[in-house]
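>>> model this:
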Amino acid sequence: MNKLLIILFLFFAGSCLGWVGELFFRRYLDPVERKKKKFCNPGLFVGPYLPIYGTGVIILYFLAQIHFPSLAAEHPMLEKALIFLCMAACMTLLEFITGMIFVNHMHLQLWDYSTYWGNIKGVICPLFSCIWYAVAAFYYLVVHKNVLKALEWLSKNLTFSFVIGFFYGVFLIDVFFTFQLVAKIKRLADEYGIVVKYNAYKEKIDEIGEKAKERSRFFLSNLLSPKEFFIKYKGTFSVKKVTTPIKKVAEKMHRK
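Below you'll find the predicted structure:
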């Protein structure tokens, strides 16, 4: 089967299923989010998908094919535990890289683990690394063989590729419009020297929408301009951006 089609399918399936899993995890299991007692879109995009999970499934798919023959012969359980550990480490690294790219370059914190013990910059923490380990074990022991069956079925039913094509068409449109919003947030975050906590940002918009008896946060534009919104509420959804001494000097030179 075409490798590109495999990757496209895995990203499609992982993104959508990850979104569903995250939706229910935040509603019922997350120690912080479950206190809100309501479902909320866990992602950056409008649609029901989380690209980080799609990328993660691709990583898990390839790592699941790794074997340690000498270790498997004598200690098969230890081999599996080592594979799960590699998977969890890669998923944690993916989470860290993605989180830091958005924090450092977009000034947007997509998730916030700052209240969890042992967190690093609020984007990774031991609790979620353990969750990644459990997810990796579940994928390897239960999901992977079904993924292989799904890929075999897909190779014989290529009409399903049109479904995947439709997904990517919608996804790319969503990416285009979402990153226009991200660019606006970045400009305002730059202006005020802050990093925006995206979940808190969305919650504040929803809160204002509810008070104004609007059905969606997209009606906010009728109430406040983006800049007015930042001026009035930035303290509720942002943290001060840390600037290193070298960066401060560079910024001063740039202003001159």
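>>> I'd like to know how far the nearest residue to I52 once chain neighbours are set aside sits from P51.
Among residues not flanking I52 along the chain, T98 sits closest, at 5.6 Å (C-beta to C-beta, 6 or more residues apart in numbering). Glycine gets a C-beta too; all of them are placed from N, C-alpha and C. According to C-beta to C-beta, to the nearest Å, T98 stands 9 Å off from P51.
>>> how about the strands of this structure, start to end?
Counting by DSSP state E, the chain has strands at residues 108-109, 194-197, 238-240.
>>> would you turn these into CSV with mean neighbour count and mean pLDDT?
As requested, the strands of the chain are exported to CSV (neighbours: other C-beta atoms under 10 Å; pLDDT from 0 to 100):
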stretch, mean neighbour count, mean pLDDT
strand 108-109, 23, 94
strand 194-197, 21, 92
strand 238-240, 15, 76
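>>> Quick check: which of these is nearest to V57?
strand 108-109 (23.7 Å; C-beta to C-beta).
>>> Neighbouring strands of the closest one in the sheet, and parallel or not?
Strand pairing for strand 108-109, using DSSP bridges, gives strand 194-197 (parallel).
>>> Which neighbouring elements make contact with the longest helix anywhere in the chain?
The longest helix of the chain (DSSP state H) is helix 161-192. Packing contacts for helix 161-192, counted by 3 or more C-beta pairs under 8 Å, 6 or more residues apart in numbering; DSSP states H and E, involve helix 3-28, strand 108-109, strand 194-197, helix 226-237.
>>> Tell me the helices and strands packed up against the last one.
Helices and strands touching helix 226-237, by 3+ C-beta pairs under 8 Å, 6+ apart, are helix 161-192, strand 194-197, helix 198-211.
>>> Need the mean per-residue confidence for the longest one.
Taken as a whole, helix 161-192 carries a mean pLDDT of 91.
>>> about what we covered before: columns distance to E33 on top of the strands of the chain, output as CSV?
Below are these laid out as CSV (distance: least, C-beta to C-beta, whole Å):
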stretch, distance to E33
strand 108-109, 15
strand 194-197, 13
strand 238-240, 18
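>>> Quick one: closest of the ones you listed to T115.
strand 194-197 (11.6 Å).
>>> before we move on, back to that, looking at the helices and strands packed on helix 161-192, spot the one closest to A89.
Closest to A89 of those, according to C-beta to C-beta: helix 3-28, at 18.2 Å.
>>> Could you check the angle the closest one makes with helix 198-211?
With axes from the mean of the first three to the mean of the last three C-alpha atoms, to 10 degrees as the basis, helix 3-28 and helix 198-211 are set at 60 degrees to each other.
>>> change the start of the numbering to 51 and stick with it
Done: numbering now begins at 51, and the last item shifts to helix 53-78.
>>> pLDDT below threshold where in the chain?
The model of the chain has pLDDT under 70 over residues 51, 205, 261-274, 291-306.
>>> Could you find the residue nearest the spatial middle of it?
Central residue of the chain (C-alpha atoms, centre = their mean): I102, 4.7 Å from the mean position.
>>> residue contacts, the closest residue to M156 other than its chain neighbours?
Leaving aside its chain neighbours, M156 sits nearest to K236 (5.3 Å; criterion: C-beta to C-beta, 6+ apart). By C-beta atoms under 8 Å, 6 or more residues apart in numbering, the residues touching K236 are M156, H157, L158.
>>> quick one: K236 and L54, what's the gap?
The spacing between K236 and L54, counted by C-beta to C-beta, is 32 Å.
>>> ok, and the closest non-adjacent residue to G149?
Nearest non-adjacent residue to G149, counting by C-beta to C-beta, 6+ apart: V173, 3.1 Å away.
>>> Please read the previous query as pertaining to I116.
Nearest residue to I116, sequence neighbours excluded (C-beta to C-beta, 6+ apart): I133, at 6.1 Å.
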